[in-house]
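[1] based on what follows, work out the 3D shape:
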Amino acid sequence: MFATNTIRNTDAAAVAVRQYENLRLRAQMGQVWAAITRRARGLCALPDRLPSEQRYAGQKSVAIEEIRGSEGRVTDFDQEFNPLRSTTLERWVSIFKARAQGKEMPPVDLVQYGDTYYVRDGHHRISVARARGEAYIDARVTLWR
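    Here you go, the predicted model:
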């Protein structure tokens, strides 16, 4: 039994690494294309100056395509949450393997400012969910108005 679990775990890791490498290549090609066309492909940065009024909106399911920005990690992922840096590999693969095994992940933390969602915590979980074709993700949302 141990050998079978080890093989399955190794296979899952290999699949995760291939998926990660494909997404990184896609992100790098996107950056080249963005430079040629002079169109931005990065995540939007959460503005430094936010209104003083904020409130916790609770936990809800958010469409991944509505998440367009980040609070501090705009250089780690592109606008489609494809990884841009090799330093994200280990964390990304561990989350991919856990999701492939059906493990639930904690909700991500998002900030909603206007109509845009920004990631406070959970960039890798969003990237993996998107790579797996998931349309929604559970999130704890803070509203800035």
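[2] tally up the residues packed near R26, please.
    14 (other CB atoms under 10 Å). The C-beta positions use only the backbone N, C-alpha and C, and glycine is treated the same way.
[3] how about R99?
    So R99, with other CB under 10 Å, has 19 neighbours.
[4] pull the contacting residues for it.
    M105, V128, A129, R132 (CB atoms under 8 Å, 6 or more residues apart in numbering).
[5] equivalent analysis for V15, please.
    Applying CB under 8 Å, 6+ apart, the residues near V15 are F96, A100.
[6] look at it and report its pLDDT.
    For V15, the pLDDT comes out at 84.
[7] what distance do you get for the closest residue to P83 other than its chain neighbours to V119?
    Distances taken as CB to CB, 6 or more residues apart in numbering put R24 closest to P83, at 5.2 Å, once the chain neighbours are dropped. Taking CB to CB, to the nearest Å as the measure, R24 falls 18 Å from V119.
[8] can you give me the helices in this structure?
    Remark: helices assigned in the chain by DSSP state H are 2-37, 89-100, 123-131.
[9] for the second one, buried residues please.
    By neighbour count, and taking 16 or more other CB atoms under 10 Å as the criterion, the buried residues in helix 89-100 are W92, V93, I95, F96, K97, A98, R99, A100.
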